[in-house]
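# I'd like to go over a predicted model; first the sequence, then the structure.
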Amino acid sequence: MESSRDRWSDWLLQRRFGGDPQAVERARATLHPVRDRVLDQTLLHEAAVLLDVGCGDGLIAFGALERYPGCRVIFSDISQPLLDHAAALAGDLDLLARCTFLHAPADDLSALADQTVDAVTTRSVLIYVQPKLAAFQEFYRVLRPGGRVSIFEPINRFAAPEPPHVFHGYDVTPIQHLTDKIKAAKRANLADVSSMIDFDERDLLGWAEAAGFEDIHLRLEAEILAHTEDASWESFLHTAGNPLDPTIAEVIEHALTPEEVDEFTRYLQPLVSGKRGTRRMALAYLWASKPARALP
């Protein structure tokens, strides 16, 4: 069920939206305010150097290049295809002279010397990192005294795991025997996702403090809402929630018989089309400073 290509670029550039162009537009409308809020807390100036850890397709990095015309940005990611994608975009925008590309995980930025950047940003990165304190320690190390870290992370523990009778926010009590099989098949073929649900906002604060940061701030936004977005059944089936997830279609192909797929579809498709489900989500913004007279 796992893609043979680089799973990070495959998800971010393809599987994330299930082939639904409207979902892409909805995501842009949602993500641009996130980008702006993360950048607001960097307090960058035009001559600054920003390290964007887990840059992905460059949402925050390109936002910084546009907002601060004189700044330089280090695009860092564990996916070389995503770095190549970002580099191609930078070339198209005539921005390569202000960009550096670093292939590295968030918890090992050893290719960068101590105290070499003015700000560090991340967006939905630490959820994929097991040694999260080590990542904060690396952010601290590469920052110059007085530098800032600004991160955004979903708090998945707020919504996971779902109750047995709930599937992607929909009450599936009448077909729980089918969704139990789907969930079991997914667990059996899924990479270790413990890093995505093994922390909450209090842990983020604790790791930032333990790494040496001061003036630490965190804003938590949590909501439980009825589904309001128009999502096609095909998009629902073919969207992967994160790079480690198979799509629902990929799972049911292995978990259910054709007759069971029909039963699953007859029950759940009207709920999805009718938006008769609930979305639970919690998001955390954290920003902090390295002491102005900090040692490396």
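Arrived safely.

# Spell out the secondary structure type for the residue of the chain most remote from its centre.
Distance from the C-alpha centroid of the chain, by Cα atoms, centre = their mean, peaks at residue 259 (35.6 Å). Using DSSP: H, G, I helix; E, B strand; the rest coil, the structure places residue 259 in helix.

# where does the stretch 151-296 of the chain dip in pLDDT?
Under the criterion pLDDT under 70, the flagged ranges of the stretch 151-296 of the chain are 189-195, 294-296.

# One more pass at 90, please.
157, 159-161, 185-198, 227-236, 238-247, 250, 254, 293-296 (pLDDT under 90).

# show me the contacts for the nearest residue to residue 83 once chain neighbours are set aside.
Closest residue to residue 83 apart from its sequence neighbours, by Cβ to Cβ, 6 or more residues apart in numbering: residue 101 at 4.7 Å. For every residue, glycine as well, the C-beta is placed using N, CA and C. Each residue near residue 101 by Cβ atoms under 8 Å, 6 or more residues apart in numbering is listed here: 74, 75, 76, 83, 86, 87.

# re earlier: and the residue farthest from the centre of the chain, how far from residue 269?
If you measure residue 259 against residue 269 using Cβ to Cβ, to the nearest Å, the figure is 16 Å.

# what are the ranges of the helices in the stretch 101-250 of the chain?
Listed in chain order, the helices of the stretch 101-250 of the chain (DSSP state H, counting those that start in this stretch) span 132-142, 176-188, 201-211, 233-238, 248-255.

# deepest of those helices, which one?
helix 132-142 (a mean of 22; mean count of other Cβ atoms under 10 Å).

# circling back to that earlier point, look at the residue nearest to residue 83 and report its pLDDT.
Model confidence at residue 101, given as pLDDT, is 98.

# can you pull up the bridge partners for it?
Residue 101 has these beta-bridge partners by DSSP bridges: residue 75.

# Name the spans of the stretch 1-150 of the chain whose pLDDT lies under the cut-off.
1-32, 45-47, 57.

# swap the cut-off to 50 and go again
Along the stretch 1-150 of the chain, segments meeting pLDDT under 50 span 1-4, 15.

# residues contacting residue 78?
Contacts of residue 78 by Cβ under 8 Å, 6+ apart are 8, 54, 103, 104, 105, 106.

# try 10 Å this time
Going by Cβ atoms under 10 Å, 6 or more residues apart in numbering, residue 78 touches 6, 8, 53, 54, 103, 104, 105, 106, 108, 125, 128, 129.

# Turn the residues you listed into a markdown table, columns for distance to residue 34.
What follows is the contacts of residue 78, written out as a markdown table (distance: Cβ to Cβ, whole Å):
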| residue | distance to residue 34 |
| --- | --- |
| 6 | 24 |
| 8 | 19 |
| 53 | 15 |
| 54 | 14 |
| 103 | 24 |
| 104 | 23 |
| 105 | 22 |
| 106 | 18 |
| 108 | 26 |
| 125 | 13 |
| 128 | 17 |
| 129 | 19 |
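
# ok, and the most crowded of those residues?
Most neighbours among the contacts of residue 78, by other Cβ atoms under 10 Å: residue 53, with 29 neighbours.
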